[in-house]
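Chemist: Coordinates only, no sequence provided:
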């Protein structure tokens, strides 16, 4: 007779209810995979990660008895959750970059779970950029590395993060984002058509000037009645910048339609049926690559998108600083609409699914 007792997994930084549907898919996949492994699952959402106070100001707070006591006196719910958990699973996603409030809070929670509460801690499904992918920050490097080296298991979602972890002396296993695994679980397949609509999205580091240049690059492709729409939507608390970026683009592209996906399925259908996705979003591009929709991509706030495109075998993102940005973006869309875009091969798709499975090894 199977045991009726189920160990408890606590997910830190759960993103299933915020920002956009790609975050929902990847966090939902983590939740479901833990259930399949026999866990009962609790979670702390990403909004709480961002909002926790007091925030650790430096590495000294991580080892301060007074800071730890004050923190958990203010947050007894977290003390109870960490005490009750048999394993802590950290959904890092894009939170772990630079030294802002959210990454410092998440680093502190990982440190506390492992080194104060003595729990196995698995950092999975994440990018790892202490310096944001820019010039090295020795202080951030030191803190990130010291926390990560204590963890039970570390599984970055792209190879640039893995190289940074290796540089910092952290043992890790190559993983990938869980979104393709979610799509495979639910049987989502592509339906891209050359005559389908052009689909645009924003990006976390897109501004008014770059949004206008994206719109200028798209404009030449609007002949023959082709629709062009801006994809937004989330289960809750959608990305606030999307509405702003849409208005920036629409100033140069009044034909641009607002397409707010009310469900995960609607979001995926929009990407799957587009002739081309033009996007600065990490998860949107992963969905397009997995579903066989051509994608023209722009960099995110860290090198994660470039690394992801390498894994899928896609063209590298076109950088906003490129003096030929409009020309190159227009040409890349032309190539997609002619059916000549580079798409992920079956071997590449199988490889990323294998990497995504590594998130759950040992759990």
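Modeler: Alright, I've got the coordinates. All values reported here derive from a predicted model rather than from experimental measurement.

Chemist: so what pLDDT did the residue most central in space within the chain get?
Modeler: By CA atoms, centre = their mean, the mean C-alpha position of the chain lies nearest to residue 93, the distance being 4.6 Å. Per-residue confidence for residue 93 comes out at a pLDDT of 97.

Chemist: Residue 135 now?
Modeler: With respect to pLDDT, residue 135 has a value of 77.

Chemist: following the longest helix seen in the chain, which helix or strand comes up?
Modeler: Counting residues, the longest helix found in the chain (DSSP state H) is helix 21-36. Elements were assigned by DSSP states H and E; along the chain past helix 21-36, the next helix or strand is strand 40-45.

Chemist: Relative to that following strand, what are the paired strands and their orientations?
Modeler: Take DSSP bridges as the rule and strand 40-45 pairs in its sheet with strand 8-14 (parallel).

Chemist: Now do the strand it pairs with against helix 21-36, angle only.
Modeler: 170 degrees (axes from the mean of the first three to the mean of the last three CA atoms, to 10 degrees).

Chemist: follow-up on the earlier one: surely the residue nearest to the centre of the chain meets residue 126?
Modeler: Yes. Between residue 93 and residue 126 there is a contact at 6.0 Å, judged by CB atoms under 8 Å. Placement of C-beta: from N, CA and C, glycine included.

Chemist: Once you drop chain neighbours, what's closest to residue 75?
Modeler: Distance criterion CB to CB, 6 or more residues apart in numbering; nearest residue to residue 75, sequence neighbours excluded, is residue 52 at 7.0 Å.

Chemist: quick one on the thing from earlier: quick one: the longest helix of the chain to chain centroid distance?
Modeler: Relative to its parent chain, helix 21-36 has a centroid offset of 12 Å by CA atoms, centre = their mean, to the nearest Å.

Chemist: That one - contacts with which helices or strands?
Modeler: Where contact means 3 or more CB pairs under 8 Å, 6 or more residues apart in numbering; DSSP states H and E, helix 21-36 is packed against strand 8-14, strand 40-45, strand 87-93, strand 121-126, helix 179-185, helix 264-272, helix 282-291.

Chemist: Measure how it sits relative to strand 87-93, angle-wise.
Modeler: Here the directions of helix 21-36 and strand 87-93 differ by 160 degrees (the same axes, to 10 degrees).

Chemist: Provide the backbone phi and psi angles at the residue nearest to residue 75.
Modeler: Per-residue torsions, residue 52: phi -60, psi 140 (degrees, to the nearest 10).

Chemist: what sits against it?
Modeler: 75, 105, 109 (CB atoms under 8 Å, 6 or more residues apart in numbering).

Chemist: mind putting these in CSV, neighbour count included?
Modeler: Output for the contacts of residue 52, formatted as CSV (neighbours: other CB atoms under 10 Å):
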residue, neighbour count
75, 18
105, 23
109, 26
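
Chemist: Include secondary structure and pLDDT when you put the residues you listed into TSV, please.
Modeler: What follows is the contacts of residue 52, written out as TSV (DSSP: H, G, I helix; E, B strand; the rest coil; pLDDT from 0 to 100):
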residue	secondary structure	pLDDT
75	coil	97
105	helix	98
109	helix	98
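
Chemist: Show me which of those residues is closest to residue 227.
Modeler: Comparing these against residue 227 with CB to CB places residue 105 closest, at 41.9 Å.

Chemist: you'd agree that closest one is up against residue 56?
Modeler: Yes. With contacts defined as CB under 8 Å, residue 105 counts as touching residue 56 at a distance of 7.3 Å.

Chemist: if we can go back for a sec, other residues contacting the longest helix of the chain?
Modeler: Taking CB under 8 Å, 6+ apart as the criterion, the residues outside helix 21-36 that touch it are 9, 11, 14-17, 41, 43, 46, 89, 91, 93, 124-125, 177-179, 181-183, 185, 233-235, 261, 263-264, 267-268, 281-284, 286-287, 359-360, 363.

Chemist: Could you identify the buried members of those residues?
Modeler: For those, a burial check counting by 16 or more other CB atoms under 10 Å picks out 9, 11, 14-17, 41, 43, 46, 89, 91, 93, 124-125, 177-179, 181-183, 233-235, 261, 264, 267-268, 281-284, 286-287, 359-360, 363.

Chemist: Let me see the confidence value for residue 189.
Modeler: Looking at residue 189, its pLDDT stands at 88.

Chemist: err, residue 192, not the other one
Modeler: Per-residue pLDDT puts residue 192 at 80.

Chemist: what about the closest residue to it other than its chain neighbours, distance to residue 287?
Modeler: Here the nearest residue to residue 192 in space, its sequence neighbours aside, is residue 293; by CB to CB, 6+ apart that works out to 4.4 Å. With distances taken as CB to CB, to the nearest Å, residue 293 is found 8 Å from residue 287.

Chemist: joint contacts of the two?
Modeler: With the criterion set as CB under 8 Å, 6+ apart, the overlap between the contacts of residue 293 and residue 287 is residue 271.

Chemist: Can you classify residue 327 as helix, strand or coil?
Modeler: Following DSSP: H, G, I helix; E, B strand; the rest coil, we place residue 327 in the helix state.
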